[in-house]
Structures are given as C-alpha cells and as structure tokens.
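Trainee: model this:
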Amino acid sequence: MNSGKIIIGALAGLAAGALIGILFAPDKGSDSRSKIVNQGEDYLDSVKKKFNSLLDSISGKFNGGKVDVSNIGENGKTNSKETIREMKTAGA
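Mentor: Now for the predicted structure:
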C-alpha cells in the first residue's frame with residue numbers, strides 16, 4: 001500500500017475523532033463550532049504540507065528519470081555520429 005494513502009487515511013481518522021470528541025463535549029454550541037473550525041484549519045494545513053511533500057518527492061523522482069533518459073538519448077546520438085564517421089572513413 002502506498003505510504004501517502006496511509007498518511008492521508010490516518011489524518012482523516014484523526015480529524016473524524018477530534019470532530020466527534022468536540023461534538024460530544026459539554027461546551028456551548030458557539031465554542032464547539034469555533035473549535036471545529038480551528039482544528040479543521042489545522043488539519044487542512046497538515047494535509048496540504050503532506051500532499052506538497054508527496055508531490056515534491058514525485059516531482060524529484062520524475063525529474064531524475066527525465067535526466068537519465070536525456071543522458072541515454074545524448075549518448076546514443078554521440079555513438080551513432082561516431083559510427084557514421086567511422087563508416088565514412090572506412091569506405092573512403
């Protein structure tokens with residue numbers, strides 16, 4: 001299973017547990033609503049950070065693969081030019 005999915009699932013579970021805890025707390029409704037909003041914003045920020053970290057990781061891996069493929073292409077191009085030169089000099 002993907003670690004990103006596990007993290008998102010755990011954060012969703014924490015958010016649901018916190019929401020249920022606040023709803024059953026013996027506070028006034030306005031206090032409960034403000035707590036829900038504040039905790040929701042905190043969890044949203046946390047999820048955004050995790051998601052951005054995951055995207056950065058994926059982007060880094062993609063860019064690394066892109067460089068590798070580019071190097072393979074350049075090496076092949078250089079090798080083919082050398083081969084053509086060798087064939088021309090051998091045939092001349």
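
Trainee: per-residue confidence at the closest residue to residue 54 other than its chain neighbours?
Mentor: Once flanking residues are discounted, residue 54 sits nearest to residue 4: 4.8 Å by Cβ to Cβ, 6 or more residues apart in numbering. No exception for glycine: its C-beta is placed from N, CA and C like everyone else's. Residue 4 is assigned a predicted lDDT (pLDDT) of 76.

Trainee: name the element residue 4 belongs to?
Mentor: Using DSSP states H and E, residue 4 maps to helix 3-23.

Trainee: can I get the CA coordinates of that helix in CSV?
Mentor: Presented in CSV, the C-alpha positions along helix 3-23 are these (Å, rounded to 0.1, in the frame of the first residue of the first chain):
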residue,chain,number,x,y,z
SER,A,3,2.6,5.4,2.3
GLY,A,4,0.8,8.6,1.1
LYS,A,5,-2.6,6.8,1.3
ILE,A,6,-1.8,5.6,4.8
ILE,A,7,-0.9,9.1,5.9
ILE,A,8,-4.0,10.6,4.4
GLY,A,9,-6.1,7.9,6.0
ALA,A,10,-4.6,8.4,9.4
LEU,A,11,-5.1,12.2,9.2
ALA,A,12,-8.7,11.7,8.1
GLY,A,13,-9.2,9.3,11.1
LEU,A,14,-7.7,11.9,13.5
ALA,A,15,-9.9,14.6,12.1
ALA,A,16,-13.1,12.5,12.5
GLY,A,17,-12.1,11.5,16.0
ALA,A,18,-11.5,15.1,17.0
LEU,A,19,-14.8,16.2,15.4
ILE,A,20,-16.7,13.6,17.3
GLY,A,21,-15.0,14.5,20.6
ILE,A,22,-15.8,18.1,20.2
LEU,A,23,-19.4,17.4,19.3
